[in-house]
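J.: turn this into a model:
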Amino acid sequence: MPEGLYVQSVSGLHSGTNPVSGDFSVGAEGLMVRDGAFAEPVREVTIASTLQRMLLDVVEVGSDVRWLPGAAAGVTLLVSEMTMSGA
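T.: Sure, this is the predicted structure:
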């Protein structure tokens, strides 16, 4: 990925996601990616899309399985396009 945002955490999932329409707008923090390398940290940015569009825009799935509380697991996803504001 030449340029983008590596999201490390999100906030507001309980209030920023519409389960009927799939629209979401949540707070995020992470690292900017510039020229394919991690760059400066960012906080208090907002990312927004729809759950349907985000799933359609997944272009890579990582092999870095991370186990989460409650017998759930997650991996890194590369999403080609998403709205970001505040950076």
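J.: which strand or helix spans the nearest residue to Gly12 once chain neighbours are set aside?
T.: Ranked by Cβ to Cβ, 6 or more residues apart in numbering and with sequence neighbours excluded, the top spatial neighbour of Gly12 is Val26, at 4.6 Å. The way it works is simple: take the backbone N, C-alpha and C, and place the C-beta from them, glycine included. Using DSSP states H and E, the element containing Val26 is strand 23-34.
J.: next, count neighbours for Ser49.
T.: Using other Cβ atoms under 10 Å, Ser49 has 20 neighbouring residues.
J.: tell me the average confidence for the longest strand seen in the chain?
T.: For the chain, the strand with the greatest residue count under DSSP state E is strand 37-50. Averaged over strand 37-50, pLDDT sits at 96.
J.: right, and Trp67 touches Ala73 too?
T.: Yes - using Cβ atoms under 8 Å, Trp67 is in contact with Ala73, at 5.2 Å.
J.: number of nearby residues for the residue nearest to Gly12?
T.: Residues near Val26, counting by other Cβ under 10 Å, number 18.
J.: how about the contacts made by Leu77?
T.: Contacts for Leu77 (Cβ atoms under 8 Å, 6 or more residues apart in numbering) come out as 58, 60-62.
J.: list the buried residues for the strand holding Val26?
T.: By 16 or more other Cβ atoms under 10 Å, the buried positions in strand 23-34 come out as 24, 26-28, 30-32.
J.: what packs against it?
T.: Counting contacts by 3 or more Cβ pairs under 8 Å, 6 or more residues apart in numbering; DSSP states H and E, strand 23-34 packs against strand 3-11, helix 13-16, strand 37-50.
J.: check which helices and strands the first one is in contact with.
T.: Going back to what we said before, that points to strand 3-11. Contact here means 3+ Cβ pairs under 8 Å, 6+ apart; on that basis strand 3-11 packs against strand 23-34, strand 37-50.
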